[in-house]
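In: Sequence and predicted structure, then a few things I'm wondering about:
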Amino acid sequence: MSSITPNGKTAVVALGGNALSRKGEGQIEKQFEQTRKTARLIIKLLLQGYKLIVTHGNGPQVGDRLVQVEAAIDKVPDIPLGVLVGDTQGGMGYMIEQCIHNVMRREFGISRPYVATVLTQVMIDPDDPSLKNPIKPIGPFYTEDQAQKMIEENGWSMVEDAGRGWRRVVPSPIPKTIVERETIKCLLKNDFLVIAAGGGGIPVYRSEDGWLEGIDGVVDKDRASAVLAGTIMADELFILTDEEAVALDYRKPEQRYLSEVTASELEKHLKDGQFPPGSMGPKIEAAIDFIRCPNNPGGRVLITSPEKTMDALEGKAGTWIVPDPE
């Protein structure tokens with residue numbers, strides 16, 4: 001029988017969309033099947049001694065919820081996007097929790113009920129420029145005529161998306177702090193595996209009278225994970241994606257993977273245009289933000305795929321981003 005003994009290291013594991021559902025496999029049974037595979041990785045990290053916080057994306061799931069809401073718009077009241085992010089946080093947290101429990105018990109012989117999902121609000125700046133310039137596409141694709149109708153009837157901002165159709169665009173503000181940070185710290189201190197900041201967290205701001213208010217927007221999951229990792233002073237941030245490592249000259253004949261790179265070296269590659277905004281760019285920016293978090297000197301970041309994570313811990317795969325020499 002396996003056992004879990006914390007070794008003092010804390011890590012935030014940011015799961016990409018492929019870790020919970022594959023493209024074209026939106027059925028809930030398929031999502032559970034994929035999540036069970038990911039649960040095995042999470043348990044292996046626990047067996048390595050890590051204290052873990054798991055974050056995750058929710059792009060396909062919140063897109064499905066938007067389709068459902070829009071299809072029923074003439075039958076039931078509209079649901080704000082922030083509430084849909086909260087809905088998917090809860091539903092996906094349930095799925096991850098159950099899969100971890102079942103795989104732990106059946107495949108590893110461990111009965112350890114210390115898993116908790118925290119519905120997480122993420123504080124943003126109410127003057128964030130993106131609130132006036134929404135650019136993040138979400139939800140289903142529409143024809144131009146359908147999009148025009150949505151603009152007129154719902155007041156949505158919509159754009160043509162790479163020749164595939166028209167999509168709604170929403171603000172994607174920069175996360176500043178985690179509202180439930182003390183709750184998360186308390187659970188972590190008591191050896192809970194915490195699932196938090198799902199879908200980047202629910203974006204909120206504090207109004208002039210001190211109340212928290214939600215917005216119709218989405219926060220980038222990797223940026224929120226970096227803020228969370230800095231807040232809890234994590235030792236490591238794992239950003240898991242489709243690629244086994246960070247590549248320079250991606251998909252060109254001269255493509256090459258980086259095994260270890262400093263934050264400054266990575267920033268130079270970012271400025272040189274190596275990492276586009278729509279793919280690896282936000283992950284690189286999140287990694288650099290975490291490395292340079294003043295609360296957390298010495299932290300490092302791993303970018304790799306779920307399948308290569310254990311090899312990466314042995315230095316055989318992935319890209320490690322480390323602090324600059326003093």
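Out: The structure has been received and is ready for your questions.
In: List the residues that contact Thr177.
Out: The neighbourhood of Thr177, defined by Cβ atoms under 8 Å, 6 or more residues apart in numbering, consists of Val122, Met123, Val227, Thr231. C-beta coordinates here come from the backbone N, C-alpha and C atoms, glycine included.
In: Run the chain-centre distance for the helix or strand hosting Lys30.
Out: Lys30 is part of helix 28-47, with elements assigned from DSSP states H and E. Centre-to-centre, helix 28-47 and its host chain are 16 Å apart (Cα atoms, centre = their mean, to the nearest Å).
In: Tell me which other helices or strands it touches.
Out: Contacts defined by 3 or more Cβ pairs under 8 Å, 6 or more residues apart in numbering; DSSP states H and E place helix 28-47 against strand 10-15, strand 51-56, helix 81-108, helix 309-313.
In: Let's have these in a markdown table, adding mean neighbour count.
Out: Rendered in a markdown table, the data for the helices and strands packed on helix 28-47 read as follows (neighbours: other Cβ atoms under 10 Å):
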| stretch | mean neighbour count |
| --- | --- |
| strand 10-15 | 25 |
| strand 51-56 | 26 |
| helix 81-108 | 19 |
| helix 309-313 | 18 |
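In: Give me the buried positions along stretch 174-190.
Out: Ile174, Pro175, Ile178, Val179, Glu180, Arg181, Thr183, Ile184, Lys185, Leu187, Leu188 (16 or more other Cβ atoms under 10 Å).
In: got it, and stretch 133-142?
Out: By neighbour count on 16+ other Cβ under 10 Å, the buried set for stretch 133-142 is Pro134, Lys136, Pro137, Ile138, Gly139, Tyr142.
In: hmm, back to that, just the ones of the contacts of Thr177 in strands?
Out: Val122, Met123 (DSSP state E).
In: just the contacts of Thr177 now: which is nearest Ser130?
Out: Checking the contacts of Thr177 against Ser130 by Cβ to Cβ gives Val122 as the nearest, at 13.6 Å.
In: Name the residues linked to that closest one by a beta bridge.
Out: Per DSSP bridges, the residues bridged to Val122 are Ile178, Pro203.
In: That one: how many residues sit nearby?
Out: Residues contacting Val122 under the criterion other Cβ atoms under 10 Å number 26.
In: I figured it hits Ile202, correct?
Out: Yes. Contact status for Val122 versus Ile202: in contact at 6.6 Å, counting by Cβ atoms under 8 Å.
In: So which of the buried residues of stretch 133-142 sits lowest on pLDDT?
Out: Of all those, Gly139 carries the smallest pLDDT score, 72.
In: Doesn't it lie inside a strand?
Out: Yes. Per DSSP: H, G, I helix; E, B strand; the rest coil, Gly139 lies within a strand segment.
In: which residues touch it?
Out: Gly139 sits next to Val62, Gly63, Leu66, Val67, Glu70, Arg167, Arg168 when contact means Cβ under 8 Å, 6+ apart.
In: sorry, back to before: format the helices and strands packed on helix 28-47 as JSON lines; extra columns: mean pLDDT.
Out: Shown next, in JSON lines, are these (pLDDT from 0 to 100):
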{"stretch": "strand 10-15", "mean pLDDT": "96"}
{"stretch": "strand 51-56", "mean pLDDT": "97"}
{"stretch": "helix 81-108", "mean pLDDT": "95"}
{"stretch": "helix 309-313", "mean pLDDT": "96"}
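In: So for Phe192, which of these sits nearest?
Out: Between the helices and strands packed on helix 28-47, strand 51-56 lies closest to Phe192; by Cβ to Cβ that is 8.7 Å.
In: Tell me the confidence at the residue nearest in space to the middle of the chain?
Out: The structure's the chain has its C-alpha centroid closest to Lys221; by Cα atoms, centre = their mean the separation is 3.0 Å. You'll see Lys221 listed with a pLDDT of 95.
In: Verify the stated contact: it with Ala196.
Out: No. Contact criterion Cβ under 8 Å: Lys221 and Ala196 do not qualify, at 11.2 Å.
In: which neighbours do those two share?
Out: Thr55.
In: By mean pLDDT, point me to the weakest helix or strand of this protein.
Out: Least confident element among the helices and strands of the chain, by mean pLDDT, DSSP states H and E: strand 136-142 (a mean of 79).
In: Dump the C-alpha coordinates for that one into CSV.
Out: The C-alpha coordinates for strand 136-142 follow below in CSV (Å, rounded to 0.1, in the frame of the first residue of the first chain):
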residue,chain,number,x,y,z
LYS,A,136,-11.1,37.3,-25.4
PRO,A,137,-13.2,35.1,-27.7
ILE,A,138,-15.5,32.7,-25.9
GLY,A,139,-18.5,30.4,-26.7
PRO,A,140,-19.8,29.1,-30.0
PHE,A,141,-19.3,30.4,-33.5
TYR,A,142,-22.1,32.3,-35.3
